[in-house]
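# 3D model of this:
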Amino acid sequence: MDRVDCMRAFIETVRSNGFAAAARALDLPRSTVSKQVQALEEAIGVQLLVRTTRSLHLTEAGAEYFESARDLLAALDEAEQRARDGVGELRGVLRVNAPMSFGLRKLGPLIPLFHERHPQIELQLVLSDQQVDPVRGGFDLTIRIASLADSSMVARTIAPAPRILVASPGYLAKAGTPQSPEELAEHAFLGYGYLQSGVSLALCNGEETRRVQLHGPLQANNGDFLAQVAEAGMGIALLPSFIVDDALAAGRLVALLCQWQAPPISINAVYPSARRLPQKTRAFIDFLVEEMSRANEAIPCAGL
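Next comes the predicted model:
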């Protein structure tokens, strides 16, 4: 059997977590995919997968081989794509991971436009609020909205993601409008994250920084969910502007303490640094940068 085909079968089996799903993705019989993976193991003399009746698991050698084989095939695909660049359109599968709210609110309207420009690129988009390793997840890039720490990944900023303190008019009528960062400690705060009893938030006004410890009745890992419960009057939330812009414009939420800014975060495209960036991936990132470069409109603010 062709070694490259066997490697593709192995990589897709790991990505799909099974021979049946890999066979559907590769449009091959399940038996062929299984035989290709077995042939690969025999050729290199190492067991890559532990097979049980219900699941597959990578061996230690298999996990190491998966990353190397994935990079090798990506480089091969890139070389072929670069050879075709001068004579045809960009093509191939582009696997992208993005946060749920960003995907629904921003990528949803943009993906059809990208498809019009590059109709031969097949996008496979996975929306998840969990932080995903692009390599182990089998993605060409992931989109993260954060202040990124140093890592083995390469990141390109797509756009800033300013965050705004918001609450509903009903909540403010009941609990009052905070006029300073310190007054936030007296309010119900709706936090983003998991398993935390409080949030330490730093707010800056020019060179002045104030830190306040916030507490509240709810923590959740999705910005749209927090926006909904904030609109229902449950408390104050700190959310990216792209999530709350519509609610602010409609008056369902009110922006608070606009002179005080939370630490800046940005929308980033993150991809492995072990290889050159494929043209199809670069084209997608360039497209997002271009489409999201528009300036935000000023937002009426309460509690300056």
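# residue 47 contacts residue 60, correct?
No: look at residue 47 against residue 60 with CB atoms under 8 Å: they stay out of range, at 10.0 Å. Where you see a C-beta, it was placed from the backbone N, CA and C, and this is true even at glycine.
# ok, these two, which is more surrounded?
Summary of the neighbour comparison: residue 47 and residue 60, criterion other CB atoms under 10 Å, with residue 47 having more neighbours (12 against 8).
# quick one, domains of the protein?
Structural domains of the chain, as assigned by automatic domain parsing, span the residue ranges 3-83, 89-160+266-291, 163-263.
# mean pLDDT for the ones you listed: which is lowest?
Mean pLDDT is lowest for domain 89-160+266-291 out of the domains of the chain, coming in at a mean of 84.
# in the sheet, who's paired with residue 211?
Counting by DSSP bridges, residue 211 is bridged to residue 202.
# what's the neighbour count on it?
For residue 211, the count of nearby residues is 10 (other CB under 10 Å).
# that one touches residue 185, doesn't it?
No: in this structure residue 211 lies outside contact range of residue 185 using CB under 8 Å: 10.5 Å.
# would you map the strands across the stretch 51-200 of the chain?
Taking DSSP state E, counting those that start in this stretch as the criterion, the stretch 51-200 of the chain carries its strands at 56-58, 92-98, 121-127, 141-146, 153-160, 163-167, 188-192, 199-205.
# closest to residue 14 out of the ones you listed?
Using CB to CB as the measure, strand 56-58 is the one of those that comes nearest residue 14, at 6.4 Å.
# direction included, what does that closest one pair against?
In the sheet containing strand 56-58, its partner strands are strand 49-51 (antiparallel), by DSSP bridges.
# list the buried residues for the partner strand?
Within strand 49-51, the residues that qualify as buried are residue 49, counting by 16 or more other CB atoms under 10 Å.
# how about residues contacting that strand?
The contact list for strand 49-51, computed with CB atoms under 8 Å, 6 or more residues apart in numbering, reads 10, 13, 14, 37, 41, 56, 57, 58, 59, 62.
# could you measure from the spatially most central residue of the chain over to residue 107?
Nearest to the centroid of the C-alpha atoms of the chain, with distances taken as CA atoms, centre = their mean, sits residue 98, at 2.7 Å. Taking CB to CB, to the nearest Å as the criterion, residue 98 is separated from residue 107 by 6 Å.
# state the distance from residue 95 to residue 204.
Residue 95 sits 37 Å away from residue 204 when distances are taken as CB to CB.
# please say which of the two ends up with more neighbours.
With other CB under 10 Å as the criterion, residue 95 and residue 204 differ in neighbour count, and residue 95 comes out ahead with 18 against 15.
# for the more buried one, name its beta-bridge partners.
Each beta-bridge partner of residue 95 is listed here, defined by DSSP bridges: residue 124.
# wait, what's in contact with it?
Contacts of residue 95 were listed using CB under 8 Å, 6+ apart, and they are 124, 126, 138, 139, 140.
# please list only the buried members of these.
In terms of neighbour count (16+ other CB under 10 Å), the buried residues within these are 138, 139, 140.
# which residues touch the residue nearest to the first one when sequence neighbours are not counted?
By the measure of CB to CB, 6 or more residues apart in numbering, the closest residue to residue 138 outside its immediate chain neighbours is residue 15, 4.0 Å from it. Each residue near residue 15 by CB under 8 Å, 6+ apart is listed here: 22, 25, 138.
# same question, residue 166
Shown here is residue 166, whose contacts under the criterion CB under 8 Å, 6+ apart are 227, 230, 236-239, 244, 247-248, 253-256.
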